[in-house]
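Participant: sharing a model that was predicted from the sequence below.
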Amino acid sequence: MKKIILLFILFICFDAIGQKNNTKKDTTTVIEVYGNCEMCKNRIEEAAKGKGVKSAVWDVDSKLLTLVFDPSVTTSYKVLNRIADAGHDTKSVKSADITYNQLPDCCRYRDGNNSHSGEESDNDIMGVVVEQDDKGNLKPLSGATVFVNGSTGGIITNENGFFTIAAIGETNIVVSYAGSQTKNIVVKPGQHVSVILNTKKELQEVKITARRKSSYISPSSSIRTLVMTEKELFKAACCNLSESFETNASVDVSYNDGVTGSKQIQLLGLSGIYSQLNIENLPGPRGIATLWGLNSIPGTWVESIQLSKGVGSVANGFESITGQINVELKKPETAEQLYANAYVNNMGKTDLNLNLSRKINSKWSTGLLLHNAFMNNSKVDFNKDGFRDIPTGNLFSALNRWKYSDNKGVEGQAGVRVLIDNKEGGETMFESSKDRLTTNYYGLGIDTRRFDAFAKVGYVFPEKRYKSFGLQLSAFNHNQDSYFGQTVYDAKQTNFYSNLIYQSIIGNTNHKFRTGLSFVTDSYDELYKNTNFKRNENVAGAFFEYTYSYLKKLDVILGLRGDHNSLYGFFVTPRLHLRYQPADKTVIRLAVGKGQRTANILAENSSVLVSSRQVNIPAALASKAYGLDQEVAWSTGITLDQRFRLFNRNGSIGLDYYRTNFSNQAVVDLDRSAQQVNFYNLDGQSYSNSFLAELNYEPLDKFELRLAYRLFDVKTTYSGTLLERPFVSKHRGFANLAYETGSWKFDYTVTFNGIKRTPSTASNPIQYQLTEKSPSYTLMNAQVSKTFGKKKPFDFYVGGENLTNFFQQKVIIAPDQPFGSYFDASMIWGPVSGRMFYTGVRFKIK
């Protein structure tokens, strides 16, 4: 720590040292300033203006700013600070994140997006035509004609030389200008074209400078965050969030049990309950809704997903242990006016989606997102055990949101969401009208009603864009009435969340901070087998986070928050994030910190409800949830990201290692007895070691290859014995291949899952016992999509999942005796259903 403090002092002193030049002669210097487009050019040159500055000219292609100034009046460092305050980084000064995030999408250079319009589609070709004089100076060429070869119409470049033209697949565009040579250029959708003309009016050079990536990790982000764009989500059907990680090597998605159809994620070898799920940085499904959280968010609502491993920022709370998943939904100000999607698979599951958005005026915009999914086929039973592999029912969800911006620093948004979900499962012969809560046939029913409301308001100081404050508010009411055989489980939860954040700098933008206050209240009312579990949990907290940035090479984030829980008292959460960039294409990150949470053992382990196991919970204490202590863990992670070029092609290698060590955990013990599930506080060790190696490479144009290998070492102490955590494969291999040609897209994913430990069933009769280890298995998914039309394109897609047709044969123990002592549908280590095919269509109007 002393070395870090000393390093800080040296850096601060270094930044404070400036060399004065008393000469009265003007000084000319050339500085690299990061940006993308003509909008960036105008913004950078305007910010550079000031007392003592004679001229400032920024070149879009070279990213170089030619600055002429009087050193007796100003310094280049002062100019660079003004440019950083406008949102643009240099090697000396980095812009504040909140300022950078205010830039239009086309100007965000940190993520590699070189687009020039916030509303372009993947079918757009964007470019600029510039003129080069004898001295090599470049200036935009207005009035050049650009059109698709063979078409009757075209477009004219604007006053900045820019153009955008729609295209499907490889397109031959023609660029012409009076008195110059006409040239044909073959380009592809999503590419940015720079056309340079010399003073002799000859087309001298065409550069293909960028293509949008489907997922990326920004090298300048202090916290390692994987951004999955809509293009990545389109690689699969993605009916809901649980299906959005099929092309991701870090996240596993598996069934909770063999009856309800619910899915959960695994991150760093641990259940998704240890990951913080946010919706646009507001709390996502949590508490009672944890079980169905992934299933309740439609994939068509999602604009992008941001995934970070380990502990997150203290500004977002204290609950993240293995990572954070933040889901960005479609924005009314940038989304399509109309987006419709229809999906159906061979099992009968159908999804219908409709997104509508409208810009009312320059300040107001609104969006309406609708989703309806239904399944009526009650005979899906791959292993012929008499039980439905997938429940039937209907899920309807709607979201209405409003966005306001006065374009002077004030922004606000608000919205409401409603969810109605009815599910019915169990034996194929079960009919709820006749058999509910009887022993005629085993059945289950889950009726969920949920209402959410949220609001955000913020202000960015126009003259000091690094300074801002924001208020986040959300609330929900969640009601679930359910039964499993003859067991009733009803649950209600109400929640209110508020978070006030203030952000500014200390001296200059190399020293940033944000601080704030938060308050969360939850009210739970659960009824399980005539036993009522009630509690009110209120948490008030405060946080402070300091960020130090040194040039473009080093970022250090020190965060600390203190919270008071009405059930568990006061606790402190420290966190540290470090990013070091020793070379242009090499980034090393370190993350260390603590996380803690209250376990909701019934909602989070509802798979045991579809079994005859006796549930043993410690004697309930009024001061604790279910008589258990809070779960507390320390997480440490180190990552390396290395970009490279091989055979003139871009690629990257990512390595990460994380260790999660629990000082306390709500242990779910399925091993002590096959007829019991025991919940108790950890007495011994519990940890997770996770290693991931990932390669991304583009061996051919528009052919993306992603390979990964993951190793887990996850163990917990069960009844005094340290054992491997059940249902976690130690080894996993992953490959994703994506290829585009013209209007066709092909995607193929294969995953290898190693053996998994299964809980002991030795106390069962021999016919109801499982092997101690599951077999390893391989899964394959594939999808082909085709785009039709130009002005109003629509996508037709067809795909298949689990093409190897591998599924767990013994999904349920004792299915022939569902009301007997050995019935258990919770022992799931693999797919519960076999090969599935689907088709669908997407239609958009911008």
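Facilitator: Everything's here; your move.
Participant: what about the closest residue to residue 760 other than its chain neighbours, distance to residue 490?
Facilitator: Leaving aside its sequence neighbours, residue 760 sits nearest to residue 671 (C-beta to C-beta, 6 or more residues apart in numbering; 4.8 Å). Backbone N, C-alpha and C define where each C-beta goes, glycine included. According to C-beta to C-beta, to the nearest Å, residue 671 stands 29 Å off from residue 490.
Participant: the two: who's more crowded?
Facilitator: Using other C-beta atoms under 10 Å as the criterion, residue 671 and residue 490 rank with residue 671 on top: 21 against 15.
Participant: what about that one, which SS state?
Facilitator: coil (DSSP: H, G, I helix; E, B strand; the rest coil).
Participant: so for it, what's the pLDDT?
Facilitator: Note on residue 671: pLDDT of 92.
Participant: give the contact list for it.
Facilitator: 718-719, 723, 726, 759-760 (C-beta atoms under 8 Å, 6 or more residues apart in numbering).
Participant: packing partners of the helix or strand residue 662 falls within?
Facilitator: Per DSSP states H and E: residue 662 is located in strand 649-664. When contacts are defined as 3 or more C-beta pairs under 8 Å, 6 or more residues apart in numbering; DSSP states H and E, strand 649-664 sits against strand 631-646, strand 686-700.
Participant: burial count for residue 305?
Facilitator: Residue 305 has 23 nearby residues by other C-beta under 10 Å.
Participant: and what of residue 91?
Facilitator: 13.
Participant: so it versus residue 333, what's the distance?
Facilitator: 33 Å.
Participant: residue 755 now?
Facilitator: Counting by C-beta to C-beta, the gap from residue 755 to residue 333 is 50 Å.
Participant: helix/strand/coil for residue 72?
Facilitator: coil.
Participant: show me the contacts for residue 465.
Facilitator: 85-87, 96, 98-99, 102.
Participant: over to residue 704?
Facilitator: Applying C-beta under 8 Å, 6+ apart, the residues contacting residue 704 are 214, 696-698, 736-739.
Participant: part of a strand, is it?
Facilitator: Yes: the assignment for residue 704, made by three-state DSSP, places it in a strand.
Participant: and the gap between the nearest residue to residue 107 once chain neighbours are set aside and residue 837?
Facilitator: Among residues not flanking residue 107 along the chain, residue 40 sits closest, at 5.1 Å (C-beta to C-beta, 6+ apart). Remark: distance between residue 40 and residue 837 (C-beta to C-beta) = 46 Å.
Participant: and the two? Which one has more around it.
Facilitator: For residue 40 versus residue 837, neighbours defined as other C-beta under 10 Å are more numerous around residue 40 (25 against 13).
Participant: in whichever helix or strand the more buried one is part of, what counts as buried?
Facilitator: If you go by DSSP H and E, residue 40 is part of helix 38-48. Taking 16 or more other C-beta atoms under 10 Å as the neighbour-count basis, helix 38-48 is seen to contain the buried residues 38-41, 43-45, 47-48.
Participant: try stretch 535-555
Facilitator: Buried, per 16+ other C-beta under 10 Å, within stretch 535-555: 535, 537, 539-541, 543, 545-552, 554-555.
Participant: identify the residues contacting residue 333.
Facilitator: Here residue 333 is in contact with 357, 359, 365, 403, 405 (criterion: C-beta under 8 Å, 6+ apart).
Participant: ok so it is a strand residue?
Facilitator: No: the assignment for residue 333 (three-state DSSP) gives coil, which keeps it out of a strand.
Participant: distance of it relative to residue 398?
Facilitator: Counting by C-beta to C-beta - residue 333 and residue 398 are separated by 20 Å.
Participant: and the helices in this structure?
Facilitator: 2-16, 38-48, 76-85, 97-100, 230-233, 432-435, 601-604 (DSSP state H).
Participant: can you tell me which of these the model trusts least?
Facilitator: helix 2-16 (a mean of 38).
Participant: would you map the strands across the stretch 651-800 of the chain?
Facilitator: 666-669, 676-681, 686-700, 703-718, 721-724, 731-741, 744-753, 777-788, 794-801 (DSSP state E, counting those that start in this stretch).
Participant: nearest to residue 583, out of those strands?
Facilitator: strand 686-700 (18.4 Å; C-beta to C-beta).
Participant: pretty sure residue 311 contacts residue 635?
Facilitator: Yes: between residue 311 and residue 635 a contact is recorded at 5.0 Å, counting by C-beta atoms under 8 Å.
Participant: what's the overlap in contacts for those two?
Facilitator: Contacts common to residue 311 and residue 635, judged by C-beta under 8 Å, 6+ apart, are 321, 591-595.
Participant: can the contacts of residue 333 go into CSV with extra columns for distance to residue 273, neighbour count and pLDDT?
Facilitator: CSV is the format used below for the contacts of residue 333 (distance: C-beta to C-beta, whole Å; neighbours: other C-beta atoms under 10 Å; pLDDT from 0 to 100):
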residue, distance to residue 273, neighbour count, pLDDT
357, 34, 21, 93
359, 39, 14, 90
365, 35, 21, 93
403, 32, 22, 94
405, 36, 16, 89
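Participant: turn the residues you listed into JSON lines, columns for distance to residue 460.
Facilitator: Shown next, in JSON lines, are these (distance: C-beta to C-beta, whole Å):
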{"residue": "357", "distance to residue 460": "24"}
{"residue": "359", "distance to residue 460": "21"}
{"residue": "365", "distance to residue 460": "18"}
{"residue": "403", "distance to residue 460": "15"}
{"residue": "405", "distance to residue 460": "10"}
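Participant: quick one: which of the residues you listed is nearest residue 774?
Facilitator: Using C-beta to C-beta, the contacts of residue 333 come closest to residue 774 at residue 357, 45.8 Å.
Participant: I figured the closest one hits residue 400, correct?
Facilitator: No: Residue 357 is beyond contact range of residue 400, at 10.9 Å (criterion: C-beta under 8 Å).
Participant: shared neighbours, the two?
Facilitator: 366-368.
Participant: show the buried residues in those.
Facilitator: 366-367.
Participant: neighbours around residue 642, how many?
Facilitator: With other C-beta under 10 Å as criterion, residue 642 counts 14.
Participant: show me what contacts it?
Facilitator: Contacts of residue 642 by C-beta under 8 Å, 6+ apart are 585-587, 652-654.
Participant: can you do 6 Å?
Facilitator: By C-beta atoms under 6 Å, 6 or more residues apart in numbering, the residues touching residue 642 are 586, 653.
Participant: just residue 585 next, same as before
Facilitator: residue 643.
Participant: re the thing from before, farthest-apart pair in the contacts of residue 671, please.
Facilitator: Longest span within those, C-beta to C-beta: 719 and 726, 13.8 Å.
Participant: more crowded one of the two?
Facilitator: Taking neighbours as other C-beta under 10 Å, residue 719 and residue 726 compare with residue 726 leading, 19 against 14.
Participant: for residue 340, find the nearest of the strands of the stretch 651-800 of the chain.
Facilitator: Nearest of those (C-beta to C-beta): strand 794-801, 8.6 Å.
Participant: parallel or antiparallel, list what pairs with that closest one.
Facilitator: strand 777-788 (antiparallel), strand 836-845 (antiparallel) (DSSP bridges).
Participant: of all those, which one is nearest residue 109?
Facilitator: Per C-beta to C-beta, nearest to residue 109 of the strands paired with strand 794-801: strand 836-845, 26.7 Å.
Participant: and that closest one, average pLDDT?
Facilitator: 92.
Participant: buried sites along it?
Facilitator: 836, 838, 840, 842-844.
Participant: kindly report the same for stretch 474-489.
Facilitator: Neighbour-count burial for stretch 474-489 [16+ other C-beta under 10 Å]: 474-476, 478-480, 482-485, 487, 489.
Participant: any idea of the mean pLDDT for it?
Facilitator: Mean predicted lDDT for stretch 474-489 stands at 94.
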